[in-house]
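Student: A structural model of the following input is requested.
(chains A and B)
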There are 2 protein chains.
Amino acid sequence: MTAVGISIRRIDGTEKVAGQALYTGDLHLPGMAIAKVLRSPVAHARIRGIDATKARAVPGVLAVLTRDNLNVASNAFGAYVRDQQILATERVRYVGDMVAAVAAIDDAVAAEAVKLIEVDYDELPAVYSVEEALADEAPLVHEKLENRKDPGYGRGGTHIVHERSNICFHFRHERGDVESGFREADQIFEDSFYFPSAQHYPMEPHICVAQFEGDVLTVWSATQSPFPVRQELARVFGLPFSAVRVIVPYVGGGYGAKSGIKTEGIAACLSRMIGRPVKLAFGADETFKTICQPRAKITLKTGVKKDGTFVARRCDVYLNGGAYANSGPSVTEKAGYRAHGPYRIPHVLTNAYSVYTNTVPAGAFRGFGGPQVAFAYESHIDMIAERLGVDPFELRMKNLLDQGENFSPGDTPIDCDLKAGLKNVAQAIGWDARPNGQKNSGSKKIGIGIATAMKDGGGTNKPANAAVTIFNDGSVLLSTGSVEIGQGMRTAFLQVVAEELSVPPEKVRVAALDTHYTPFDKGTNASSATSIMGQAVQKAARDARRQFLEAASAVLKAPVGEVGLENGVAVYGEQKVSFREIMQRNFRDSEGEIRGRGYFKVGKDENVPLGYPSPFWEIGLGAAEVEVDTETGEVKVLRYVSLTDAGKMIHPLQCHAQDEGAAVFGLGQALFEDLVYQGGELINGSLIDYRLPRFDDVPPAFKTFIMEGGGGPGPYGAKGMGEGGILPVAPAVANAVFAAVGKRLQAVPLTPGIVWEAINKR
Amino acid sequence: MTAVGISIRRIDGTEKVAGQALYTGDLHLPGMAIAKVLRSPVAHARIRGIDATKARAVPGVLAVLTRDNLNVASNAFGAYVRDQQILATERVRYVGDMVAAVAAIDDAVAAEAVKLIEVDYDELPAVYSVEEALADEAPLVHEKLENRKDPGYGRGGTHIVHERSNICFHFRHERGDVESGFREADQIFEDSFYFPSAQHYPMEPHICVAQFEGDVLTVWSATQSPFPVRQELARVFGLPFSAVRVIVPYVGGGYGAKSGIKTEGIAACLSRMIGRPVKLAFGADETFKTICQPRAKITLKTGVKKDGTFVARRCDVYLNGGAYANSGPSVTEKAGYRAHGPYRIPHVLTNAYSVYTNTVPAGAFRGFGGPQVAFAYESHIDMIAERLGVDPFELRMKNLLDQGENFSPGDTPIDCDLKAGLKNVAQAIGWDARPNGQKNSGSKKIGIGIATAMKDGGGTNKPANAAVTIFNDGSVLLSTGSVEIGQGMRTAFLQVVAEELSVPPEKVRVAALDTHYTPFDKGTNASSATSIMGQAVQKAARDARRQFLEAASAVLKAPVGEVGLENGVAVYGEQKVSFREIMQRNFRDSEGEIRGRGYFKVGKDENVPLGYPSPFWEIGLGAAEVEVDTETGEVKVLRYVSLTDAGKMIHPLQCHAQDEGAAVFGLGQALFEDLVYQGGELINGSLIDYRLPRFDDVPPAFKTFIMEGGGGPGPYGAKGMGEGGILPVAPAVANAVFAAVGKRLQAVPLTPGIVWEAINKR
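Tutor: Numbers count the residues shown, from 1 in each chain, chains lettered A, B, ... in the order given. Predicted coordinates for the structure are as follows:
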């Protein structure tokens, strides 16, 4: 292959590094106003009244938006259930909920005016934790939920609706009969685990610019899901899709934070009100109050034979969904589906719940429920090994699924070799020669831990479309609705197109994303860009190639099947004619172009209830060597090995970079990150107080292995990747800490205080 | 019809009036630099050297561009012959020729720096008029011309190349044998006429913003020909089309001034040099020095039978093309083809020349050579009538072509009734009761004049493409490469789409123009939008309709042929289902869209040399009542009647507005406008000195008649229009002045000084 499998220069690299790349924050339209939002200081309250008189009187204020002048066709939206509003009308449900917004001539005026909006709150009792929310007589975060949609992800499970409950969503997945499985077992182990909430922390917070020009709404937004945003805005404003144009400039990171309406509804309302463009940019502290990862409590009960074979597993997954559903239900369904881990277990019963609380709404976050359950099952298996007195590596080798086996009846069989991967990471970390914690002397103890995790990858139920144009000069333009959020997928797609058309990559470009023109796509998420959109891209390129070969055949007077294409030249016998010349000669009169189109969607399996098969299996294997300072509790990761399977790396350097980035995400959750509340108040939601991994936290020895098993559904056997690397980090680190100091921590992050207490507590 | 033939609210009206419409001048990109151009103060010179040292030293200057650092793949461009350069390298050829350019942090710094660029000129002898340029031993404006292209407009004629001559282009058109025709004639009349140069004077001068982002060039430009600009920029910079993106925001008027590279080459060079976006905006005085209408001298020699029948006509048309060809050759070819007028004349010989001089380059201007020759032949016919002692109305009725007759062998027959139109305007102006000049008493004399003119309309050789998308919610988006230069064509196209799809116009929008996405079009000119692009639009809508009917047929379970569409609803028997529901049910899984495509190009007639038939005939009939103040020479038009044939008015109000605007253009050239030179120096090229028609010049009684003869090639029998109205104004006014004061003026504009002299001269 000439273009794929090569680490070409990233197509957006130069402009990003040189400061030429245009982000939404760089936009400056004539007359553009700046908007700022007023947020609730209380966790749960009825809004008695809003008085914006003083705010409106501030010189330079152009408009104040409240429930009293919202003026939309529909003030209810949401991916699963329409429980969100552009601005709160009746109640606020968490500290940070948006209540009003100001548009002003500049930042400072807007900020001043926001403070002058007077809101009269009638506080209501609030619930912050899952326990509180599920207690009898707990106050309800939402009194009534209507129009629940099928999140569309579930496989082999059921949805159970709980009325008059803070259970937003409940997914139940079962095979075999766990009770009889437990009876068969020789031993039963039950452990609970706790995984933190976290902030995605993209370098660029949420931001958009909205403009009504006559009766056409244009929104420039840093969004991962431009078409769903178009759909929601069209419904909210009662506009046809042709009157709602979403344009996506460069995006400074997403990680799941930027799906669905965030800033766009408010900015559009204000723009329509004042007849000027409006920019609404959240500060980083506001992004903290917009969306987060769902905190989890997971209880696993596993029945095991005396030889270590798993027989039955019951998983109970509770996710704190915060005040609004967002994609929480989809995350919950995935967490539930994945909760029993990549193991051979005949009897499984999983119940996964997303629970409303009066805290920051939780939703899509890189890993999408996978990291939470992986921490649970990969800690749990080490704890079982400890109690059985067996090597955790061996226990995994006994129970891990083999390639070709089923994760779940009727789903895509396992498409790669987990055991081979485990052997790899074990060897790389030096498992056989690992230090025994007790043999460590001094206050710093070393230990090694491993973890083998997996998530189904590629999303489901997502139609993907792409278009490839060959211009009259033979140059090529790809149009795709996948958003470049930093993962480098536009470069990878360019390579696929160049490969399929046999043209040099320098002749290919990727078009800007504009919902007026870009073919429909459901959203950039689920490690699905290469694997799902990649197939649409490949088909579009092949459609263009087919049409081009017809043109070449006419020009060269050759049978279509005998024309070859190489490096931008059409070849037949002695004739070698450039793409440019083929186009210009074949389309001499019309100066025409060729437009290839490609569509792909995973086929539905009618035999499987809720039955979209998993496109592929995204594995995340990890091994960590940690050093624990027993005097301070500090945990340092000295060496880390990450392994995943990309199927086929389109762009090797970008794949390694994605896996490294994922591992560092996992490191943050293993050691540093959590959203800390005092009652309903988020107290560490800022750049200063939230502890992210820094470059000096990256392990000095850090290696990523990427297998190319070729078993993926994407072009050339590619899978998606970019999330697998997070999954094993927290459990590998926790397992390593146990190896180092003999203390089992069942909650992350392993902050120094927590670790020190565990070491020194009786 | 439900959408066509109705004057719906103009789709861009609200935002233009409310100041929300975004023009190129409104664009503000981060880090954007401002560019200014240095222009030659001499008419013809060799450039010995350029010293930009002082300019570069000015604080705030980011770059100075000269021939020494141009750094392009090709510094030669032009529609007919590549005689133009981004910046002059060897010589300058007119006062105003661009020699250098500065990019700076703001306007003021750029202007200051430009003045400090030192250019050493070695002056050469110059020619300013056609006579000077054609004299023996006249200095050559261009030593060598290469790569001449066929302008592609000619019909029934030949191109004659003159080497070592200032004749840029020579078109010769002949039928029969004029010499034998003259021998047959009873009388022969020969008269010469002079038509001025003029400035298009769009409210928005030439402007663009160019930005290199990595290796993709994006240019926002107020251009009438985005795709030719793309092509030229691609060639100049050695880039593939996929790396050159031309976006056209709202355009504040074009009239032919904005075709081809004007500001874009310089702005792009500077942007690439400094790594920042660059805005280059010409002041109005600079637009004067960029492009103009070609000044004309036309000699007509007509052989006439004693009963007034025309037998033979020889036309010699000399156009002063200025220093660079631009579209001058195409204008010359058209002027030549049209020069003999809409009359039945068996023997015709026309020679039309575009001549290089060291003056502002001439090119496309509303009317495209038509007004010049119409002034000639419509003055000439009145002069013949005077000398024959017959009524000019009757002389026209005797000789005008009838519907169905041939203007030229093999061309499209005349598609409307000129004589009926003439009777209309004659009646409307009160021809039968017209005042006789001598009978006028007092110093103010009244007279009436008429004129019947015609041009072939619709351009030729222009492939047009359009696309119509039906989104998943049933709403509709039209994509067309025709530029909205103020004529309202996007509204008219929206109506055609709404009509073809049977949807309410409120569900339809027109997409922004972006060469990455918009289907290829050759340019907005030649009154071709409705007649040529309109057909592509109609076909695209029909293609979308066909696909939609298939979807509806599937959803309604009805045979395709029995599904009806009305007002956004699909109907079959009792079933009435909205477009939204049809789309969502038929494309439930894929959330798909429908894309209709349409292509149109006038077919080539192999029997006709240079043989593209005229798409339609654009007629311009006019009658003027003037008042001449014999004491001052001032001419006022008291009443004016304009008549044209639109075939079918898509949007009646816009058609009338276009005709009124055209007539006012004609009034400017009849009475006020000319580019005045002193040697090579244009001395009235500014807003203060150039006399445009003002609102108080518009005749108090002013009526436009628009026939709907249905004979056009566009949708529903539509023709193009918008230029016909200019053609008869100058001759009708000159004929009226003759009627008023008995003096024949063979040159326009009829300024007071000129008229007074003619009246009072012996």
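Student: CA only for contacts and neighbour counts going forward, please
Tutor: Noted.
Student: In the stretch 1-150 of chain A, which residue sits closest to chain B?
Tutor: residue A:15 (5.1 Å; C-alpha to the nearest C-alpha).
Student: give me every residue that touches that residue.
Tutor: A:21, B:213, B:214 (C-alpha atoms under 8 Å, 6 or more residues apart in numbering or on different chains).
Student: I'd like the next helix or strand past the longest helix along chain A.
Tutor: With DSSP state H applied, the helix covering the greatest number of residues in chain A is identified as helix A:534-556. Proceeding C-terminally, helix A:534-556 gives way to strand A:564-566 as the next helix or strand, assigned by DSSP states H and E.
Student: count of residues packed around the residue in the stretch 601-750 of chain A positioned nearest to chain B?
Tutor: Closest approach between the stretch 601-750 of chain A and chain B, counting by C-alpha to the nearest C-alpha: residue A:601, at 7.4 Å. Burial measure for residue A:601: 18 neighbouring residues, criterion other C-alpha atoms under 10 Å in any protein chain shown.
Student: Leaving out the residues flanking it, which one is nearest to it?
Tutor: Excluding its sequence neighbours, the residue lying closest to residue A:601 (C-alpha to C-alpha, 6 or more residues apart in numbering or on different chains) is residue A:463, at 4.7 Å.
Student: Quick check: residues of the stretch 451-600 of chain A near chain B?
Tutor: Counting by C-alpha under 8 Å from any C-alpha of the partner chain, the stretch 451-600 of chain A comes close to chain B at A:461-463, A:471-477, A:507-509, A:511, A:516-517, A:520, A:589-593.
Student: hang on, the earlier thing: next one: the residue of the stretch 1-150 of chain A closest to chain B relative to residue B:394, how far apart?
Tutor: When C-alpha to C-alpha, to the nearest Å is the yardstick, residue A:15 and residue B:394 sit 71 Å from each other.
Student: same deal with residue A:713?
Tutor: Residue A:713 sits 81 Å away from residue B:394 when distances are taken as C-alpha to C-alpha.
Student: can you check residue A:719 too?
Tutor: The value you get for residue A:719 to residue B:394, if C-alpha to C-alpha is used, is 83 Å.
Student: Could you check which of the two has the larger neighbour count?
Tutor: Set residue A:719 next to residue B:394 and count neighbours by other C-alpha under 10 Å: residue A:719 wins out with 33 against 12.
Student: The more buried one: what secondary structure?
Tutor: Using DSSP: H, G, I helix; E, B strand; the rest coil, the structure places residue A:719 in coil.
Student: excluding its backbone neighbours, what's nearest it?
Tutor: If you skip the residues right next to it in sequence, residue A:719 has residue A:712 as its closest partner in space, 4.3 Å away by C-alpha to C-alpha, 6+ apart.
Student: coming back round to it: among the contacts of residue A:15, who's most crowded?
Tutor: For the contacts of residue A:15, neighbours were counted by other C-alpha under 10 Å; the highest total belongs to residue B:213, with 23 neighbours.
Student: wouldn't that one be in contact with residue A:19 here?
Tutor: No - the pair residue B:213 / residue A:19 is not scored as a contact, 9.6 Å apart, by C-alpha atoms under 8 Å.
Student: still on that earlier bit, you'd agree the residue of the stretch 1-150 of chain A closest to chain B is in a strand?
Tutor: No - remark: residue A:15 does not belong to a strand; assigned using three-state DSSP, it is helix.
Student: measure it to residue A:21 for me?
Tutor: According to C-alpha to C-alpha, residue A:15 and residue A:21 sit 5 Å apart.
Student: The stretch 1-150 of chain A: strands as residue ranges?
Tutor: A:33-39, A:45-51, A:61-65, A:91-92, A:98-104, A:118-123 (DSSP state E, counting those that start in this stretch).
Student: Identify, out of the ones you listed, the most deeply packed stretch.
Tutor: Among the strands of the stretch 1-150 of chain A, the stretch with the highest mean neighbour count (mean count of other C-alpha atoms under 10 Å in any protein chain shown) is strand A:98-104, at a mean of 28.
Student: taking the mean pLDDT, what do you get for that one?
Tutor: Over the span of strand A:98-104, the pLDDT mean works out to 98.
Student: Now do that strand against strand A:33-39, angle only.
Tutor: Here the directions of strand A:98-104 and strand A:33-39 differ by 160 degrees (axes from the mean of the first three to the mean of the last three C-alpha atoms, to 10 degrees).
Student: Can you give me the neighbour number for the closest residue to residue A:23 other than its chain neighbours?
Tutor: Closest residue in space to residue A:23, ignoring its immediate chain neighbours: residue A:250 at 5.0 Å, by C-alpha to C-alpha, 6+ apart. For residue A:250, the tally of surrounding residues (other C-alpha under 10 Å) stands at 22.
Student: Wait, residue A:250 touches residue A:485, no?
Tutor: Yes - counting by C-alpha under 8 Å, residue A:250 sits close enough to residue A:485 to count as a contact (7.4 Å).
Student: For the stretch 101-250 of chain A, which segments count as helices?
Tutor: Shown for the stretch 101-250 of chain A, the helices assigned by DSSP state H, counting those that start in this stretch span residues A:107-115, A:130-134, A:178-184, A:226-237.
Student: just so I know, which of the strands of the stretch 1-150 of chain A lies nearest residue B:673?
Tutor: Judged by C-alpha to C-alpha, the one of the strands of the stretch 1-150 of chain A that comes nearest to residue B:673 is strand A:33-39, at 43.2 Å.
Student: ok, residues contacting that closest one?
Tutor: Under C-alpha under 8 Å, 6+ apart, the answer for strand A:33-39 is A:62, A:95-107, A:110-111, A:114-115, A:117, A:267, A:276-282.
Student: so which of the residues you listed are also by chain B?
Tutor: Among these, chain B is touched by residue A:276 when using C-alpha under 8 Å from any C-alpha.
Student: what about the residue of chain A most remote from its centre, distance to residue B:237?
Tutor: Most distant residue from the mean C-alpha position of chain A: residue A:574, 51.5 Å away (C-alpha atoms, centre = their mean). Plainly put, residue A:574 is 31 Å away from residue B:237 if you go by C-alpha to C-alpha.
Student: Residue A:731 against residue A:448, yeah?
Tutor: No - because the distance of 11.2 Å does not satisfy C-alpha under 8 Å, residue A:731 is recorded as not touching residue A:448.
Student: Looking at those two, which is more packed in?
Tutor: More neighbours surround residue A:731 than the other of residue A:731 and residue A:448, with 36 against 31 (other C-alpha under 10 Å).
Student: what residues are shared contacts of residue A:15 and residue A:21?
Tutor: Looking at what touches both residue A:15 and residue A:21 (by C-alpha under 8 Å, 6+ apart), the common residues are residue B:213.
Student: Tell me how many other residues crowd residue A:707.
Tutor: A count of neighbours around residue A:707, defined by other C-alpha under 10 Å, yields 17.
Student: what's across from it in the sheet?
Tutor: Going by DSSP bridges, residue A:707 is paired in beta bridges with residue A:645.
Student: For it, report the pLDDT, please.
Tutor: Confidence at residue A:707, expressed as pLDDT, is 94.
Student: Report the contact partners of it.
Tutor: When contacts are counted by C-alpha under 8 Å, 6+ apart, residue A:707 touches A:643, A:644, A:645, A:646, A:647, A:648.
Student: strand partners of the worst-scoring helix or strand of chain A on mean pLDDT, parallel vs antiparallel please.
Tutor: When each helix and strand of chain A is scored by mean pLDDT, DSSP states H and E, strand A:157-159 comes last, with a mean of 87. With DSSP bridges as the test, strand A:157-159 is paired with strand A:167-175 (antiparallel).
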